[in-house]
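Colleague: Give me a model of this one.
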Amino acid sequence: MKNLKEKNIQRVLWHIKRHCKNIEHNYENELSKTELFHLKSSIEILDRILNNEKPYPNLDREEVF
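Modeller: Below you'll find the model as predicted:
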């Protein structure tokens, strides 16, 4: 379980970095609003993982994809 948690944290951090980079390069753009939404979602997923909850509350999935 610990290994899965570490993998999920690494994946979420990768997603967060990617969304931040996209927001930086597309500031004041419609794409930046979408990326901001995805960034917020990724942060919520990370928060759930750190609290030992399932990443996606409405799914049975325990892995971040």
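
Colleague: Tell me the confidence at Tyr27?
Modeller: Listed pLDDT for Tyr27 reads 68.

Colleague: The spatially most distant residue from the centre of the chain in helix, strand or coil?
Modeller: The C-alpha centroid of the chain is most remote from Glu28, which lies 21.7 Å away (Cα atoms, centre = their mean). Recorded secondary structure, Glu28: coil (DSSP: H, G, I helix; E, B strand; the rest coil).

Colleague: List the contacts of it.
Modeller: Not one residue lies near Glu28 by Cβ atoms under 8 Å, 6 or more residues apart in numbering. C-beta: built from backbone N, CA, C; applies to glycine.

Colleague: Is Ile9 in a helix, a strand, or coil?
Modeller: helix.

Colleague: Wait, it touches Asp47, no?
Modeller: No. Using Cβ atoms under 8 Å, Ile9 makes no contact with Asp47, being 11.0 Å away.

Colleague: more neighbours, those two?
Modeller: Relative neighbour count places Ile9 above the other of Ile9 and Asp47, with 15 against 12, counting by other Cβ atoms under 10 Å.

Colleague: For the residue nearest the centre of the chain, give me its contacts.
Modeller: Nearest to the mean C-alpha position of the chain, by Cα atoms, centre = their mean, lies Ser42 at 2.1 Å. Going by Cβ under 8 Å, 6+ apart, Ser42 touches 12, 15-16, 19.

Colleague: any idea which element it lies in?
Modeller: Applying DSSP states H and E as the criterion places Ser42 in helix 30-50.
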